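Colleague: can you look at this prediction? I've put the sequence above it.
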Amino acid sequence: MYSLLFLVLLLYVNFVLHPKKKKEKNALLALHCGSLRKPVMAAACTRALGKLGGAFLRASVVHRSATASYLLGNGFRRAYCSRGTGLRSKLLSARSGGGRLLGCAFLLGGGLGWYQAVKVSVQQHMAEDKQDPEGALKLVLYQYKTCPFCSKVRAFLDYHGAAYEIVEVNPVMRQEIKWSTYRKVPILMVNGELQLNDSSVIISSLKTLFLSKDKSLTDIIHCYPEMKSVNDRGREVTEYNNKYWLMLSEAETAALYPQKGMQKEEMKWRQWADDWLVHLISPNVYRTTGEALASFDYIVREGKFGTVEGFFAKYVGAAAMYIISKRLKSRHNLQDDVRQDLYKAVNEWVAAIGRDRKFMGGSQPNLADLAVFGVLRVMEGLQAFQDMMDNTKVKHWYRRMERAALNHEGRA
């Protein structure tokens, strides 16, 4: 009964007391039918509650006043009671004490309603401002399709369900990144303003952003300072401090790594993927002249080459990389049969995961899983990849990783 009375009162105040605003309210509700629908409706209801409460209070005061009695008998009755013995006349006939109590109740309800409306509105605006992996960030990845470091970044973004654009860079002219002083790939542009370099820095900074509640990406990237140095061959190289660390609070770190040693294990194998596994790719995919030609056929087909440029890239590039792969084999002290080094590395990785875990991260992939998967994935379709799948124990883990990335299982 009381619920029915309240509904009638609310409809009466909205559509009888303020009939001129009916169209305005309907338009407002239609305009905000998306994310702001609930705050607007809550605000409308609370305004009605407040006005109704005020009406009850005024009614109780007027009922006790002689002057109000005169007004009720003449002008007030002419203005408001011409509709007959309607709801308002019943309200004004309420006892003064009950009217004050009911009025205060409605005013209190209106105040609480305003609080909830403001609270919901603020939360929605904060959610819109928070940059997350579901698409609030505008990500553009400059890459080579067959680059293992670029593949690492794609594996991370795919697994987390992040929307991103790809700009395939011509590996000869590199016109697509001529605007950048950093001449390597991958490069990730965020919202058209912030440039992230180095695959491990890109992954660590984005993962920190996805997990942290109080950091912006601009603040996070400052935690990975750029360091320039000269390597043992006399070439200037750019390195980044802390690139395997996530910049999280103690509570966030404990939630991500619930077991002792998980964080160090992840960092160790992420670095292993960069410093060792990636250097096994070229010597294996360019191991023979036939494999070198097949690899460059794939590179030209997937990359950004013109017809003439692609022809020369395939044959000249294949010959050059066949020679370079021999030098890489010597530099990294690989065996004559470089397949054996690949098999050994992959089996070492599988042994580190163990039999009791689906992934190194446990039931879900961690950043080490994504890094190793990204590096190995660039060999798909080549003889080296098929040999690896046939002669190691990596197949089941690799297929699980494929499904996890394809289904965006890391989406928040």
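Modeller: Received the coordinates, thanks.

Colleague: with adjacent residues omitted, what lies nearest to Phe296?
Modeller: Sequence neighbours aside, Ala318 is the residue nearest to Phe296 in space, at 4.2 Å (criterion: CB to CB, 6 or more residues apart in numbering). C-beta here means a position set from N, CA and C on the backbone, and glycine is covered the same way.

Colleague: could you list the buried residues of whichever strand or helix holds the one you found?
Modeller: Using DSSP states H and E, Ala318 maps to helix 307-331. With burial defined by 16 or more other CB atoms under 10 Å, the residues of helix 307-331 counted as buried are Gly310, Ala313, Lys314, Gly317, Ala318, Met321, Tyr322, Ser325, Leu328, Lys329.

Colleague: let me have these in TSV, extended by pLDDT and distance to Glu250.
Modeller: Formatted as TSV, the buried residues of helix 307-331 follow (pLDDT from 0 to 100; distance: CB to CB, whole Å):
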residue	pLDDT	distance to Glu250
Gly310	83	53
Ala313	81	51
Lys314	84	53
Gly317	86	50
Ala318	89	52
Met321	91	47
Tyr322	92	51
Ser325	92	46
Leu328	93	42
Lys329	93	45
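
Colleague: quick one: which of those residues is nearest Ala368?
Modeller: The shortest gap between Ala368 and any of the buried residues of helix 307-331 belongs to Leu328, at 23.7 Å (CB to CB).

Colleague: residue contacts, the closest one?
Modeller: His279, Ser282, Pro283, Leu334 (CB atoms under 8 Å, 6 or more residues apart in numbering).

Colleague: how about a cut-off of 10 Å?
Modeller: His279, Leu280, Ile281, Ser282, Pro283, Tyr286, Met321, Leu334, Val338 (CB atoms under 10 Å, 6 or more residues apart in numbering).

Colleague: for His408, see how far away the closest residue to the third one other than its chain neighbours is.
Modeller: What it means is Ile281. Leaving aside its sequence neighbours, Ile281 sits nearest to Pro148 (CB to CB, 6+ apart; 5.7 Å). Per CB to CB, to the nearest Å, Pro148 is found 22 Å from His408.

Colleague: now do Tyr240
Modeller: According to CB to CB, Tyr240 and His408 sit 27 Å apart.

Colleague: so which of these two has more stuff around it?
Modeller: Taking other CB atoms under 10 Å, Tyr240 and His408 do not tie; Tyr240 has more neighbours (18 against 15).

Colleague: state the distance from that one to Trp276.
Modeller: Distance from Tyr240 to Trp276, by CB to CB: 18 Å.

Colleague: over to Leu211?
Modeller: Separation of Leu211 from Trp276 (CB to CB) stands at 28 Å.

Colleague: now swap in Ile203 and tell me
Modeller: To Trp276, Ile203 is 18 Å away according to CB to CB.

Colleague: the two: which has the busier surroundings?
Modeller: Comparing Ile203 with Trp276 by neighbour count (other CB under 10 Å), the higher total belongs to Ile203, at 26 against 14.

Colleague: OK, contacts around that one?
Modeller: Taking CB under 10 Å, 6+ apart, one finds 152-153, 155-157, 160, 188, 196, 243-244, 246, 270, 367, 370-371, 374 in contact with Ile203.

Colleague: neighbour-wise, give me the winner out of the residues you listed.
Modeller: The residue in the contacts of Ile203 with the most neighbours, by other CB under 10 Å, is Ala371 (32 neighbours).

Colleague: so which helix or strand takes in it?
Modeller: For Ala371, the host element (DSSP H and E) is helix 367-377.

Colleague: now the helix or strand following that helix: mean pLDDT?
Modeller: Toward the C-terminal end, the helix or strand that comes next after helix 367-377 (DSSP H and E) is helix 383-391. For helix 383-391, mean pLDDT rounds to 98.

Colleague: check stretch 357-367 too.
Modeller: Mean per-residue pLDDT for stretch 357-367: 97.

Colleague: for that stretch, buried residues please.
Modeller: Residues Lys358, Phe359, Met360, Gly361, Pro365, Asn366, Leu367 are the ones in stretch 357-367 that count as buried (16+ other CB under 10 Å).

Colleague: could you do stretch 175-188 as well?
Modeller: Glu176, Ile177, Lys184, Val185, Pro186, Ile187, Leu188.

Colleague: could you pull up the contacting residues of the second one?
Modeller: Applying CB under 10 Å, 6+ apart to Ile177 gives the contacts Tyr142, Gln143, Val167, Val169, Asn170, Arg183, Lys184, Val185, Ile187.

Colleague: gap between the fourth one and Lys145?
Modeller: Using CB to CB, we find Val169 at a distance of 10 Å from Lys145.

Colleague: which residues are common contacts for those two?
Modeller: By CB under 10 Å, 6+ apart, Val169 and Lys145 have these common neighbours: Gly303, Lys304.

Colleague: ok, back up a step: mind listing what's buried along the next helix-or-strand element following the helix holding Ala318?
Modeller: Counting by DSSP H and E, the next helix or strand C-terminal to helix 307-331 is helix 338-353. Within helix 338-353, the residues that count as buried by 16+ other CB under 10 Å are Val338, Arg339, Asp341, Leu342, Tyr343, Ala345, Val346, Trp349, Val350, Ile353.
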